[in-house]
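Enquirer: Next come a sequence and a model predicted from it.
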Amino acid sequence: MDLKGKKITIHDMSLRDGMHSVRHQFTLDQMTAMSTAMDKAGVPMIEVTHGDGLGGSSLNYGYGLHTDEEWLDAVVPNMTQAKISALLLPGIGIVKDLERAVEHGITTVRVATHSTEADCSAQHIKAAVGMKLDTVGFLMMAHMVDEKRLVEEARKMVSYGANCIYATDSAGYLLPDMVASRVAALKKEFGDEIELGFHGHNNMSMGVANSLAAIEAGATRIDASLAGFGAGSGNTATEVLVAVCNRMGVETGVDLDLIEDAAEDIALPIMGKPTRISRDSLTLGYAGVYSSFLLFARRAEAKYGIDARALLVELGKRGMIGGQEDMIDDCAMEMARAKGLI
Amino acid sequence: MKINCALIGSGNIGTDLMYKLKRSEILNPLWMVGIDPESDGLLRAQKDGMKITSDGVDGLLPFIKEDGVKIAFDATSAYVHGENNRKLAELGVKVIDLTPAAIGPFCVPSVNMDELLKADVQNVNMVTCGGQATIPMIAAVSAVQEVEYAEIIATAASKSAGPGTRANIDEFTETTKLGIEQIGGAKKGKAIIILNPAEPPLMMRDTVHCQTAEKPDEEAITASVHAMVKEVQKFVPGYTLKNGPVFDGKKVTIWLEVEGLGDYLPKYAGNLDIITAAATNIAEKMAYSIKEGK
């Protein structure tokens, strides 16, 4: 694979996807410490919000320790070069939440829908474009659709005004050739008009490999997070991606020593333990299940005595998608009842 | 003699409503109003002998008086409802609003229909499908003790959500939230909507979380919830309590499933039935009042 001379923008997820690892409990000091270390290392984009995006703080997904605005205020004023983004899932967050986030300094929004439901993003993408934001259409669970459908949905988001489209592997299910074919199909459709991005989860240990496949196929924005903190087995580790890009001659603008230090000295102590691929988080990738279901499934296992893996596989079979965390206990109770456990 | 009605909006909700109204003993669905002459709903209405126009509400207005249209149902979108209502109100038509526009007072029949009928309002709003499915449960908990916060997650099959619903996602969440507070009785509300594309399509599911101010009275809440489920089942037989109420500290969680009658879309689309049946319910009561000259 020859990627020499390519240039990518690393978009760090530690302060948004990483929220899932700590049940959305980052303190303001932790947010400041991680974001300033990344800013200093040259990370150009950092996402900040509740793990489920603006307005995600809820009984269903878990209350945030702080509001999205408080978190943004702990980050934005300290940035010397990094731009701050927010995630917005239509159906959970609303345009008013976005307006508030803009007042608190975001310059990019990523409007996320399931990979078949792009037309639910029209309101939010149009509003974002109206606010002159860098506006990204974020197509989640991209493994559940073929290339043709992914392009169709992306086309809708572009028609509303998105200037960048992501193939998002929310379940960490995709393998490199599947990433390549999806990104290549988007590239073929949009050429250089629309920027392309890839968001990976490391459930099958494919984080870096999939990112490289995406870069080769034409993606220039790649999501990653410090020490891989994120839902499921986490995201692609930023420091590892930077090291690999250095070796391959891909320009990231991120200082390797400084980003390694940020991961090791700042992020790791905050997270307590390193992210690893456990049997449960591997199951997410293996069965194609939304990565943030992991901790919910573990809690249901403890509560109802149902194996988390069996539960995740069943949720996958039932076609549950991102945001349907409410169905985890429902499904666990049904399984427990069938086994005579409750 | 039946009371003549007009259906405005020939999408999923309008068309499902048409079949419900056709079974009514008091309502006569006379007009179907659309904007696309090729829309499935308009073609079906025409085939069933209804009068149709594809010129929007303006195509209907000249016929309101001569056809004696007394009640109109608006299933278009929140964006155009205000204008539609203004024109219809001028002609003395009562309007049942199935968009999330919420100009008029909210109506959740099993909770507040009698009040609205007494007040003889010109426009009532049916909240949203998610609101119709969940607000009765919140009201059932509120009836027992104070609810500090209530949150609902409504999941509908992608195939059951037409372009109007998709273009109104924010209005859905905001209107449902207000309904949770005003009719459900929660101090603060939140609504989440998910469209699931699974094939074959999944039945509508709704999850209700209530946070009570004091420790929940489990026995009384359980009884109140079961009684309310029976109330809703009177007009939506496929409304079922799948799990709960489950109590966890001050949190009360209820899992519902809503199976439709399969009038227009198949039975999975309970999200259509829960709102169209509720709209039919209040419209029938209004029609009896009109007939009795009240």
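Expert: Thanks, I have it. All values derive from a computational prediction rather than experimental measurement.

Enquirer: how many other residues sit next to the residue of the stretch 101-250 of chain B found nearest chain A?
Expert: Among the residues of the stretch 101-250 of chain B, B:Ala198 lies nearest to chain A; the distance is 3.0 Å by C-beta to the nearest C-beta. Any C-beta I mention is one placed from the backbone N, CA and C, and that applies to glycine too. Look at B:Ala198: counted by other C-beta atoms under 10 Å in any protein chain shown, it has 17 neighbours.

Enquirer: need the contact list for it.
Expert: Shown in contact with B:Ala198 (C-beta atoms under 8 Å, 6 or more residues apart in numbering or on different chains): A:Arg318, A:Gly319, A:Ile321, B:Ala157.

Enquirer: Most neighbours among the residues you listed, please name it.
Expert: When the contacts of B:Ala198 are compared by neighbour count (other C-beta under 10 Å), A:Ile321 ends up highest, at 26 neighbours.

Enquirer: part of a strand, is that one?
Expert: No: the assignment for A:Ile321, made by DSSP: H, G, I helix; E, B strand; the rest coil, is coil rather than a strand.

Enquirer: Now do the same contact list for it.
Expert: A:His114, A:Met140, A:Met141, A:Met144, A:Tyr290, B:Ile194, B:Asn196, B:Pro197, B:Ala198.

Enquirer: can I assume the residue of the stretch 101-250 of chain B closest to chain A sits in a helix?
Expert: No: per three-state DSSP, B:Ala198 lies outside any helix segment and is coil.

Enquirer: Do I have it right that B:Gly9 meets B:Gly164?
Expert: Yes: contact criterion C-beta atoms under 8 Å: B:Gly9 and B:Gly164 qualify, at 7.2 Å.

Enquirer: quick one: the residue nearest to A:Thr238 when sequence neighbours are not counted and B:Asp67, what's the gap?
Expert: Excluding its sequence neighbours, the residue lying closest to A:Thr238 (C-beta to C-beta, 6 or more residues apart in numbering or on different chains) is A:Ala224, at 4.0 Å. Noted for A:Ala224: a distance of 64 Å to B:Asp67, by C-beta to C-beta, to the nearest Å.

Enquirer: Between those two, tell me which one has more neighbours.
Expert: Each of A:Ala224 and B:Asp67 has its neighbours counted (other C-beta under 10 Å); A:Ala224 has more, 31 against 14.

Enquirer: so is that one in a helix, a strand, or just coil?
Expert: A:Ala224 carries the three-state label strand when classified by three-state DSSP.

Enquirer: Who is it paired with across the strands?
Expert: Beta bridges link A:Ala224 to A:Asp12 when assigned by DSSP bridges.

Enquirer: That one against A:Met13, yeah?
Expert: Yes: judged on C-beta under 8 Å, A:Ala224 makes contact with A:Met13 at a distance of 6.7 Å.

Enquirer: what is in contact with those two at once?
Expert: Common contacts of A:Ala224 and A:Met13 (C-beta under 8 Å, 6+ apart): A:Asn235.

Enquirer: okay, how far is it across stretch B:51-61, tip to tip?
Expert: Start to finish, the residues bounding stretch B:51-61 are 13 Å apart (C-alpha to C-alpha, to the nearest Å).

Enquirer: what's the answer for stretch B:252-267, then?
Expert: 28 Å.

Enquirer: With stretch B:33-48 instead?
Expert: Terminal residues of stretch B:33-48 lie 14 Å apart, using C-alpha to C-alpha.

Enquirer: now stretch B:164-173
Expert: End-to-end distance for stretch B:164-173: 14 Å, by C-alpha to C-alpha.

Enquirer: Stretch A:269-288 too?
Expert: Across stretch A:269-288, first to last residue, C-alpha to C-alpha, it's 30 Å.

Enquirer: And for stretch A:249-265?
Expert: One end of stretch A:249-265 sits 27 Å from the other (C-alpha to C-alpha).

Enquirer: cool, and stretch B:211-227?
Expert: 20 Å.

Enquirer: Chain neighbours aside, what residue packs nearest to the closest residue to chain B within the stretch 201-342 of chain A?
Expert: Nearest residue of the stretch 201-342 of chain A to chain B (C-beta to the nearest C-beta) works out as A:Gly319 at 3.0 Å. Distances taken as C-beta to C-beta, 6+ apart place B:Ala198 nearest to A:Gly319, at 3.0 Å, with adjacent residues excluded.

Enquirer: Next, find the distance separating A:Ala128 from A:Val111.
Expert: As defined by C-beta to C-beta, A:Ala128 lies at a distance of 7 Å from A:Val111.

Enquirer: Are there residues contacting both of those two? Which ones?
Expert: Taking C-beta under 8 Å, 6+ apart as the criterion, A:Ala128 and A:Val111 both touch A:Thr135.

Enquirer: what about B:Glu90, how many residues close to it?
Expert: Residues within reach of B:Glu90, counting by other C-beta under 10 Å, total 10.

Enquirer: if I pick it, what's in contact with it?
Expert: For B:Glu90, the contact set (C-beta under 8 Å, 6+ apart) is empty.

Enquirer: and stretch A:100-117, how far out from the chain's middle?
Expert: Mean-position distance between stretch A:100-117 and its chain equals 12 Å (C-alpha atoms, centre = their mean, to the nearest Å).

Enquirer: Would you mind measuring the gap between the ends of that stretch?
Expert: In stretch A:100-117, first residue to last residue: 25 Å (C-alpha to C-alpha).

Enquirer: now swap in stretch A:273-283 and tell me
Expert: Stretch A:273-283 end-to-end distance (C-alpha to C-alpha) = 20 Å.

Enquirer: quick one: A:Val136 and A:Ala162 touch, right?
Expert: Yes: with contact defined as C-beta under 8 Å, A:Val136 reaches A:Ala162; the gap is 6.2 Å.

Enquirer: Give the intersection of the neighbour lists for those two.
Expert: Here A:Val136 and A:Ala162 share the contacting residues A:Val111, scored by C-beta under 8 Å, 6+ apart.

Enquirer: mind listing what's buried in stretch B:261-273?
Expert: Within stretch B:261-273, the residues scored as buried using 16 or more other C-beta atoms under 10 Å in any protein chain shown are B:Leu261, B:Gly262, B:Asp263, B:Tyr264, B:Leu265, B:Lys267, B:Tyr268, B:Ala269, B:Gly270, B:Asn271, B:Leu272, B:Asp273.
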